[in-house]
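Enquirer: Next comes the sequence, and after it the predicted model I'd like to discuss.
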Amino acid sequence: MLTYNLKNRGDAPKYYYIYKMIRKDIESGNLKKNEKLPSKRSLAEHLGVSLITVENAYQMLKDEGYIETRERSGYYVCEIHAILPVKSKNRTLQMLTDAGEEKEDGRLDNTAGDSFPYSLYFKTVRSVITDYGEELLRRSPNEGCSILRNSIAAYLLRYRGVFAQPRQIIIGSGAEHLYGTVVRLLGKDKIYGIEDPSYHQIRKVYEGTGAKCELLAMGQDGIRADLLEKTNADVLHVTPFHSYPSGVTAPIAKRYEYLAWAREKERYIVEDDFDSEFFMPGKPIETLFMLDDHNSVIYINTFSKSLSPSIRMGYMILPEQLLERYYETSGGFSCTVPVLEQYALAEFMNKGYFEQHLSRMRRKRNTEQEKKHS
């Protein structure tokens, strides 16, 4: 029987602590492939928690591909190939202060826009104008204002468990702008492997910069292993969570497969984390960026889905080793996001409004899904 001391969980929810401990046992080999886990009811009784607590923990493990259900038998451990060590979660984040309308996008719906707290956001904008005044008229640093980069770093640590220094975060006007920045950074002479099918603008932007794309067909868990093995791509652009339009989420084994591919020949992965705030229940699953210990993942996300398509703002996190190259290739360009918008979003995040909005959105989406299946 699994025995965990819930007194050691700190502020973490019970279901999340149980999930983390079981996941740790699977990754360390304490729980072997095909080993049967206790039933939800027996584990709940053993740990002195509610049945729903264990159900939530098991569901997260299942969603990530750590365990599977077998009909009329129960839960079993899946095989994973964690050949890359997981980054330590004991590091502390040092919050350092650093000196055309989009076409209709099938990835975007009106859900966020319909629920967006406009009055609260505009109140925040007015507050920022009053508090910062002439500071808002200064030119933004190329990489974005430090106040927003600090806010994003703090949010990522709280919500995603992503450890990134503010200096690694680059602000840009949406995902498509950042795709182009990736090509300037890594080179248009590289071959970019993209999911097939995938969001059409990914290929359009890459090829529009003069880079060559190779389409890699999707299987049930992500890019097919045989195609990944044979590809001539130097860079892999993947959407591990709820890839559009296939809806595929890559389990842990596939994510380690992607990282092994990158490590083999010093290649890079662009992790497009679009939609991750809403797709997974509870705590989101581990990003490739945090699973990677080889500095091979560039992480990209946008606020188009979580806030509104009209807020043309996104960000990417670069491995430390690429920062110097970034300033060599893109340092001469102006930041494409106005200073007022950066300060307003930073204030919106710092006051907790952004995460409150995400919580409301997740509850709304869950309610809608329950209605569909009722």
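Expert: Thanks, I have it. Numbers count the residues shown, from 1 in each chain.

Enquirer: Nearest residue to the spatially most central residue of the chain in space, please, no chain neighbours.
Expert: In the chain, the C-alpha nearest the mean C-alpha coordinate belongs to D273, at 3.9 Å (CA atoms, centre = their mean). With CB to CB, 6 or more residues apart in numbering as the criterion, D273 has its nearest non-adjacent residue at 4.5 Å, and that residue is N301. Quick note: C-beta positions are derived from backbone N, CA and C, even for glycine.

Enquirer: quick check, I298 in a helix?
Expert: No - judged by DSSP: H, G, I helix; E, B strand; the rest coil, I298 forms no part of a helix; its state is strand.

Enquirer: Please give me every residue in contact with it.
Expert: Under the criterion of CB atoms under 8 Å, 6 or more residues apart in numbering, the neighbours of I298 are V182, L185, Y268, I269, V270, E271, M316, I317, L318, P319, L322.

Enquirer: now, which of those residues lie within strands?
Expert: The strands, defined by DSSP state E, take in Y268, I269, V270, E271, M316, I317 from the contacts of I298.

Enquirer: Report the separation between the nearest residue to the fourth one once chain neighbours are set aside and L259.
Expert: Sequence neighbours aside, L288 is the residue nearest to E271 in space, at 4.5 Å (criterion: CB to CB, 6+ apart). Relative to L259, L288 is positioned 7 Å away (criterion: CB to CB, to the nearest Å).

Enquirer: Let me know the distance separating V54 from S73.
Expert: 17 Å.

Enquirer: between the two, who's got more neighbours?
Expert: Taking other CB atoms under 10 Å, V54 and S73 do not tie; V54 has more neighbours (27 against 8).

Enquirer: Do I have it right that the more buried one meets H46?
Expert: No - using CB atoms under 8 Å, V54 makes no contact with H46, being 9.5 Å away.

Enquirer: sorry, back to before: quick check on the contacts of I298: which are buried?
Expert: Neighbour-count burial within the contacts of I298 applies to V182, L185, Y268, I269, V270, E271, M316, I317, L318, P319, L322; the criterion is 16 or more other CB atoms under 10 Å.

Enquirer: With distance to P245 and pLDDT added, can I get those in JSON lines?
Expert: Below are the buried ones among the contacts of I298 laid out as JSON lines (distance: CB to CB, whole Å; pLDDT from 0 to 100):
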{"residue": "V182", "distance to P245": "22", "pLDDT": "97"}
{"residue": "L185", "distance to P245": "27", "pLDDT": "96"}
{"residue": "Y268", "distance to P245": "25", "pLDDT": "98"}
{"residue": "I269", "distance to P245": "21", "pLDDT": "98"}
{"residue": "V270", "distance to P245": "19", "pLDDT": "98"}
{"residue": "E271", "distance to P245": "18", "pLDDT": "97"}
{"residue": "M316", "distance to P245": "23", "pLDDT": "96"}
{"residue": "I317", "distance to P245": "26", "pLDDT": "97"}
{"residue": "L318", "distance to P245": "28", "pLDDT": "97"}
{"residue": "P319", "distance to P245": "29", "pLDDT": "95"}
{"residue": "L322", "distance to P245": "30", "pLDDT": "96"}
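
Enquirer: where do the helices sit along the stretch 101-250 of the chain?
Expert: Ranges of helices within the stretch 101-250 of the chain are 111-115, 118-132, 146-160, 175-186, 200-208, 225-230, based on DSSP state H, counting those that start in this stretch.

Enquirer: so which of the ones you listed comes closest to T249?
Expert: Closest to T249 of those is helix 146-160 (CB to CB; 15.4 Å).

Enquirer: Check the gap between the nearest residue to D25 once chain neighbours are set aside and Y15 for me.
Expert: Leaving aside its sequence neighbours, D25 sits nearest to L31 (CB to CB, 6+ apart; 4.5 Å). Computed as CB to CB, the L31 to Y15 distance reads 18 Å.

Enquirer: quick one: S308 is in a helix?
Expert: No - going by three-state DSSP, the assignment for S308 is coil, not a helix.

Enquirer: pLDDT at it, what is it?
Expert: Reported pLDDT at S308 in the predicted model: 73.

Enquirer: List the residues that contact the closest residue in space to G210 that isn't next to it in sequence.
Expert: Distance criterion CB to CB, 6+ apart; nearest residue to G210, sequence neighbours excluded, is K188 at 4.3 Å. Residues in contact with K188 (CB under 8 Å, 6+ apart) are T209, G210, A211.

Enquirer: before we move on, the earlier item: for the residue nearest to E271, what are its contacts?
Expert: With CB under 8 Å, 6+ apart, L288 has these contacts: V238, P240, R255, Y258, L259, I269, E271, V297, Y299.
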